[in-house]
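Colleague: what shape does this take:
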Amino acid sequence: MFKFLFGTTKSKPELSVMETVQTIKETVIFIGKKIDFNEMRAKKCRQDGIHFHKEGRKHEAIAQLKQCKRFEESNINLYKYRDILEIQGITLENSTLNTKIVNCMEIVSSTMKANNLDVGNVIDTITQIQETIDDANEINHIISQPIGDVVYDEDELLNELNEWDYEQNSENLIQVDDFPDIPNNCLVKNKDKHLNLSGFV
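Modeller: Residues are numbered from 1 along each chain as shown. Down below sits the predicted model:
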(Lines give C-alpha, C1' and ligand atoms only; values in the text may rest on other atoms or scores of the structure.)
Protein backbone atom coordinates (compact mmCIF):
# COMPACT_ATOMS: atom_id res chain seq x y z
CA MET A 1 0.00 0.00 0.00
CA PHE A 2 2.82 2.39 0.83
CA LYS A 3 4.39 1.67 -2.53
CA PHE A 4 1.08 2.54 -4.18
CA LEU A 5 0.73 5.83 -2.28
CA PHE A 6 4.31 7.11 -2.32
CA GLY A 7 5.92 5.01 -5.00
CA THR A 8 9.22 3.25 -4.79
CA THR A 9 12.42 5.18 -4.19
CA LYS A 10 14.78 5.08 -7.11
CA SER A 11 18.22 3.93 -6.12
CA LYS A 12 21.13 5.92 -7.44
CA PRO A 13 23.18 4.13 -10.08
CA GLU A 14 26.38 2.75 -8.66
CA LEU A 15 29.52 4.38 -10.00
CA SER A 16 32.36 2.31 -11.28
CA VAL A 17 35.74 2.48 -9.58
CA MET A 18 37.19 4.69 -12.33
CA GLU A 19 34.18 7.06 -12.23
CA THR A 20 34.55 7.39 -8.47
CA VAL A 21 38.27 8.05 -8.79
CA GLN A 22 37.56 10.75 -11.38
CA THR A 23 35.01 12.36 -9.05
CA ILE A 24 37.61 12.38 -6.28
CA LYS A 25 40.18 14.03 -8.56
CA GLU A 26 37.71 16.75 -9.56
CA THR A 27 36.85 17.38 -5.91
CA VAL A 28 40.55 17.61 -5.00
CA ILE A 29 41.03 20.23 -7.73
CA PHE A 30 38.04 22.19 -6.43
CA ILE A 31 39.43 22.07 -2.87
CA GLY A 32 42.77 23.36 -4.17
CA LYS A 33 41.06 26.36 -5.78
CA LYS A 34 39.19 27.04 -2.53
CA ILE A 35 42.46 26.92 -0.59
CA ASP A 36 44.04 29.46 -2.96
CA PHE A 37 40.99 31.73 -2.60
CA ASN A 38 41.13 31.54 1.20
CA GLU A 39 44.84 32.35 1.20
CA MET A 40 44.18 35.41 -0.94
CA ARG A 41 41.38 36.57 1.36
CA ALA A 42 43.50 35.94 4.47
CA LYS A 43 46.32 38.06 3.03
CA LYS A 44 43.86 40.88 2.27
CA CYS A 45 42.43 40.75 5.81
CA ARG A 46 45.94 40.82 7.27
CA GLN A 47 46.86 43.90 5.25
CA ASP A 48 43.62 45.67 6.20
CA GLY A 49 44.19 44.79 9.84
CA ILE A 50 47.65 46.36 9.77
CA HIS A 51 46.21 49.46 8.08
CA PHE A 52 43.44 49.84 10.67
CA HIS A 53 45.91 49.24 13.49
CA LYS A 54 48.14 52.06 12.26
CA GLU A 55 45.14 54.39 12.22
CA GLY A 56 44.25 53.45 15.79
CA ARG A 57 41.03 51.65 14.75
CA LYS A 58 41.41 48.79 17.21
CA HIS A 59 38.03 47.08 16.74
CA GLU A 60 38.27 47.08 12.93
CA ALA A 61 41.83 45.74 13.11
CA ILE A 62 40.86 42.91 15.45
CA ALA A 63 37.83 42.05 13.29
CA GLN A 64 40.03 41.76 10.21
CA LEU A 65 42.56 39.60 12.02
CA LYS A 66 39.83 37.28 13.31
CA GLN A 67 38.52 36.91 9.77
CA CYS A 68 42.07 36.12 8.63
CA LYS A 69 42.32 33.40 11.28
CA ARG A 70 39.02 31.89 10.10
CA PHE A 71 40.31 31.61 6.55
CA GLU A 72 43.53 30.02 7.79
CA GLU A 73 41.65 27.50 9.96
CA SER A 74 39.33 26.70 7.05
CA ASN A 75 42.38 25.88 4.96
CA ILE A 76 43.71 23.58 7.68
CA ASN A 77 40.52 21.52 7.43
CA LEU A 78 40.54 21.66 3.63
CA TYR A 79 44.11 20.34 3.57
CA LYS A 80 43.01 17.40 5.75
CA TYR A 81 39.97 16.67 3.60
CA ARG A 82 42.12 16.77 0.48
CA ASP A 83 44.58 14.33 2.03
CA ILE A 84 41.74 11.98 2.96
CA LEU A 85 40.30 12.07 -0.56
CA GLU A 86 43.71 11.44 -2.11
CA ILE A 87 44.21 8.43 0.17
CA GLN A 88 40.76 7.10 -0.71
CA GLY A 89 41.45 7.64 -4.41
CA ILE A 90 44.64 5.64 -4.21
CA THR A 91 42.81 2.92 -2.28
CA LEU A 92 40.10 2.73 -4.94
CA GLU A 93 42.63 2.66 -7.74
CA ASN A 94 44.30 -0.30 -6.06
CA SER A 95 41.03 -2.05 -5.21
CA THR A 96 40.72 -3.74 -8.59
CA LEU A 97 44.27 -4.99 -8.39
CA ASN A 98 43.74 -6.15 -4.80
CA THR A 99 40.64 -8.08 -5.86
CA LYS A 100 42.56 -9.84 -8.61
CA ILE A 101 45.36 -10.64 -6.20
CA VAL A 102 42.96 -12.11 -3.64
CA ASN A 103 41.19 -14.16 -6.33
CA CYS A 104 44.52 -15.43 -7.55
CA MET A 105 45.52 -16.33 -4.01
CA GLU A 106 42.26 -18.24 -3.56
CA ILE A 107 42.98 -20.19 -6.72
CA VAL A 108 46.47 -20.93 -5.49
CA SER A 109 45.07 -21.97 -2.13
CA SER A 110 42.58 -24.32 -3.77
CA THR A 111 45.31 -25.79 -5.93
CA MET A 112 47.55 -26.29 -2.94
CA LYS A 113 44.74 -27.94 -1.03
CA ALA A 114 44.07 -30.24 -3.96
CA ASN A 115 47.73 -31.18 -3.98
CA ASN A 116 47.91 -31.51 -0.16
CA LEU A 117 50.29 -28.53 0.13
CA ASP A 118 50.73 -26.10 3.07
CA VAL A 119 48.46 -23.01 2.86
CA GLY A 120 49.78 -21.26 5.96
CA ASN A 121 51.77 -18.67 3.99
CA VAL A 122 48.72 -17.75 1.92
CA ILE A 123 46.60 -17.19 5.02
CA ASP A 124 49.30 -15.05 6.61
CA THR A 125 49.49 -12.88 3.49
CA ILE A 126 45.73 -12.34 3.43
CA THR A 127 45.79 -11.42 7.13
CA GLN A 128 48.52 -8.84 6.52
CA ILE A 129 46.48 -7.25 3.71
CA GLN A 130 43.42 -7.01 5.95
CA GLU A 131 45.46 -5.43 8.75
CA THR A 132 46.83 -2.82 6.34
CA ILE A 133 43.31 -1.93 5.19
CA ASP A 134 42.10 -1.65 8.80
CA ASP A 135 45.01 0.67 9.68
CA ALA A 136 44.23 2.93 6.72
CA ASN A 137 40.55 3.14 7.74
CA GLU A 138 41.51 4.03 11.30
CA ILE A 139 43.87 6.79 10.09
CA ASN A 140 41.12 8.23 7.87
CA HIS A 141 38.72 8.27 10.82
CA ILE A 142 41.18 10.07 13.08
CA ILE A 143 42.08 12.69 10.46
CA SER A 144 38.45 13.44 9.62
CA GLN A 145 37.52 14.44 13.18
CA PRO A 146 36.14 18.03 13.22
CA ILE A 147 38.02 20.84 14.90
CA GLY A 148 36.21 22.82 17.59
CA ASP A 149 35.82 26.58 17.74
CA VAL A 150 38.81 28.62 18.90
CA VAL A 151 38.55 31.58 21.30
CA TYR A 152 40.90 34.41 20.38
CA ASP A 153 42.75 36.63 22.84
CA GLU A 154 42.60 40.24 21.61
CA ASP A 155 45.94 41.19 23.17
CA GLU A 156 47.65 38.35 21.33
CA LEU A 157 45.98 39.43 18.09
CA LEU A 158 47.21 43.00 18.54
CA ASN A 159 50.73 41.75 19.26
CA GLU A 160 50.60 39.70 16.10
CA LEU A 161 49.52 42.78 14.15
CA ASN A 162 52.48 44.69 15.58
CA GLU A 163 54.85 41.92 14.49
CA TRP A 164 53.42 41.91 10.94
CA ASP A 165 53.67 45.71 10.80
CA TYR A 166 57.30 45.59 11.94
CA GLU A 167 58.18 42.92 9.36
CA GLN A 168 56.49 44.87 6.58
CA ASN A 169 58.34 48.08 7.51
CA SER A 170 61.64 46.18 7.67
CA GLU A 171 61.09 44.82 4.16
CA ASN A 172 60.30 48.30 2.86
CA LEU A 173 63.54 49.67 4.33
CA ILE A 174 65.59 46.90 2.73
CA GLN A 175 64.22 47.61 -0.75
CA VAL A 176 66.41 50.36 -2.31
CA ASP A 177 65.89 51.70 -5.82
CA ASP A 178 68.77 51.17 -8.25
CA PHE A 179 70.99 54.18 -8.98
CA PRO A 180 70.72 55.60 -12.52
CA ASP A 181 73.43 54.54 -14.95
CA ILE A 182 76.14 57.11 -15.76
CA PRO A 183 76.88 57.38 -19.49
CA ASN A 184 80.39 56.33 -20.47
CA ASN A 185 80.93 59.44 -22.63
CA CYS A 186 80.70 61.63 -19.50
CA LEU A 187 83.59 59.73 -17.94
CA VAL A 188 85.67 60.11 -21.10
CA LYS A 189 85.06 63.86 -21.25
CA ASN A 190 86.06 64.33 -17.61
CA LYS A 191 89.24 62.36 -18.23
CA ASP A 192 90.13 64.53 -21.23
CA LYS A 193 89.64 67.71 -19.22
CA HIS A 194 91.98 66.40 -16.56
CA LEU A 195 94.64 65.65 -19.17
CA ASN A 196 94.33 69.12 -20.72
CA LEU A 197 94.67 70.86 -17.38
CA SER A 198 97.71 68.81 -16.46
CA GLY A 199 99.53 70.33 -19.46
CA PHE A 200 99.37 73.81 -18.00
CA VAL A 201 101.03 72.82 -14.73
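
Colleague: quick one: low-confidence parts of the chain?
Modeller: 1-15, 112-113, 115-122, 125, 139-152, 172-201 (pLDDT under 70).

Colleague: where do the helices sit along it?
Modeller: With DSSP state H as the criterion, the chain has helices at 2-6, 17-54, 58-114, 120-143, 154-174, 184-198.

Colleague: residue 57: neighbour count?
Modeller: Neighbours of residue 57 under the rule other CB atoms under 10 Å: 14. All C-beta spots, glycine's among them, are computed from the backbone N, C-alpha and C.

Colleague: give me the number of residues near residue 50?
Modeller: So residue 50, with other CB under 10 Å, has 20 neighbours.

Colleague: just checking, it touches residue 161?
Modeller: Yes: in terms of CB atoms under 8 Å, residue 50 counts as a neighbour of residue 161; the distance is 6.0 Å.

Colleague: shared neighbours of those two, anything?
Modeller: Counting by CB atoms under 8 Å, 6 or more residues apart in numbering, the shared contacts of residue 50 and residue 161 are residue 61.

Colleague: gap between residue 59 and residue 53?
Modeller: Distance, residue 59 to residue 53, using CB to CB, to the nearest Å: 11 Å.

Colleague: ok, residue 128 next?
Modeller: On the measure of CB to CB, residue 128 and residue 53 end up 58 Å apart.

Colleague: also residue 34?
Modeller: For residue 34, the distance to residue 53 (CB to CB) stands at 28 Å.
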